[in-house]
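Asks: structure of the sequence below:
(chains A and B)
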2 protein chains.
Amino acid sequence: MSDEEYMQLAYQQACFARDMDEVPIGAIIVKEGEIIATGYNRKESQHDVTAHAEMIAIRKACQKLKSWHLDGCILYSTLEPCIMCSGAIIQSRIEKVVFAAKGQRWHGLSTFLQSHEFNHHPQIVSGILEEQCCLLLSQYFKEKRKHDKS
Amino acid sequence: MSDEEYMQLAYQQACFARDMDEVPIGAIIVKEGEIIATGYNRKESQHDVTAHAEMIAIRKACQKLKSWHLDGCILYSTLEPCIMCSGAIIQSRIEKVVFAAKGQRWHGLSTFLQSHEFNHHPQIVSGILEEQCCLLLSQYFKEKRKHDKS
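Replies: I've put the predicted structure just below:
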């Protein structure tokens, strides 16, 4: 499967978040071609500031591999991981991160890796299905604002 | 209770981690004088890269308050929070962070807050029971090395 095909699955996860009225962000983790974990943002519904799509997927992948090392794993996320998720990515030694939309509000993974020295540097690929994932986010926020005004 | 007394409780948590052969780090979260959450490092035993003392305490506090906002909360940790935990601290809007030992290997909360601009800046107090918490860590690593050599 290609990066676009894997990202399409992360996008499906993001849609699950939207359907629960959560900010639509989805993630999957792949190892040797196998999808070993999925996650979607559940911060509001789970009352948990750490329940980002990437964190949920990372925790599931750790459980699946019975290890906190995720060497050889690729994380696909519909949005650039935030600082918290970046910390988990670096510490778990995820090999590669592929994301769709670039983060804006929070300093994201790519900026963060450029400005600091760490003992693990995942490869970064960005912009895969960017337009589609950005649209999902912007539509969600547009709906939210409409709802907040009514 | 004073910062030292609260830190003593975080230290007790760190001892629970040591007793499970985990790196001895403990944390508690206090709101309006009440201890609302505790946590100790369980990264190895739970096979979870996110199972840092601070993250466990933050997640419990969110559950307790049924909210991902931890406004008005104080986090006590025996070690300076790492980047992942710092991200969770900033996003949960924890008001104040008190830590004992300064982080070395990973860029910690204080360095991180100085080098980036965020829309929330927790107050930082460091060095509370520093010697005691550092000793617990150094003794753990000394024992580990002895064990690894034998």
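
Asks: can you check the pLDDT for the residue lying closest to residue A:67 once chain neighbours are set aside?
Replies: Among residues not flanking residue A:67 along the chain, residue B:47 sits closest, at 5.7 Å (C-beta to C-beta, 6 or more residues apart in numbering or on different chains). For the C-beta atoms, the positions are set from N, CA and C on the backbone; glycine is no exception. Looking at residue B:47, its pLDDT reads 97.

Asks: which residues touch residue B:47?
Replies: The contact partners of residue B:47, by C-beta atoms under 8 Å, 6 or more residues apart in numbering or on different chains, come to A:62-63, A:65-68.

Asks: how much space between it and residue B:99?
Replies: Per C-beta to C-beta, to the nearest Å, residue B:47 is found 26 Å from residue B:99.

Asks: export the contacts of residue B:47 as CSV, with columns for distance to residue B:10.
Replies: Formatted as CSV, these follow (distance: C-beta to C-beta, whole Å):
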residue, distance to residue B:10
A:62, 25
A:63, 27
A:65, 30
A:66, 29
A:67, 27
A:68, 22
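
Asks: which stretches of chain A form helices?
Replies: All helices of chain A, identified by DSSP state H, fall at A:3-19, A:53-65, A:83-92, A:109-115, A:130-149.

Asks: residue A:115: neighbouring residues, count only.
Replies: Neighbourhood size, residue A:115 [other C-beta atoms under 10 Å in any protein chain shown]: 11.

Asks: now it: closest residue in space that isn't a chain neighbour?
Replies: Nearest to residue A:115 is residue B:115, by C-beta to C-beta, 6+ apart, at 7.2 Å.

Asks: wait, residue A:68 sits on residue A:62?
Replies: Yes: judged on C-beta atoms under 8 Å, residue A:68 makes contact with residue A:62 at a distance of 5.3 Å.

Asks: overlap in contacts, these two.
Replies: A:92, B:47-49.

Asks: is it true that residue A:102 touches residue A:126?
Replies: Yes: using C-beta under 8 Å, residue A:102 is in contact with residue A:126, at 6.4 Å.

Asks: find the residues that touch each one of those two.
Replies: Listed contacts common to residue A:102 and residue A:126 are A:80, A:110; contacts here mean C-beta under 8 Å, 6+ apart.

Asks: in the sheet, who's paired with the residue nearest the centre of chain A?
Replies: Centroid check for chain A by C-alpha atoms, centre = their mean gives residue A:77 as the closest residue, at 3.2 Å. Per DSSP bridges, the residues bridged to residue A:77 are residue A:27, residue A:99.

Asks: so what's it up against?
Replies: Going by C-beta under 8 Å, 6+ apart, residue A:77 touches A:10, A:25-27, A:53-54, A:85, A:97-100.

Asks: quick one: which of those is nearest to chain B?
Replies: residue A:85 (7.3 Å; C-beta to the nearest C-beta).
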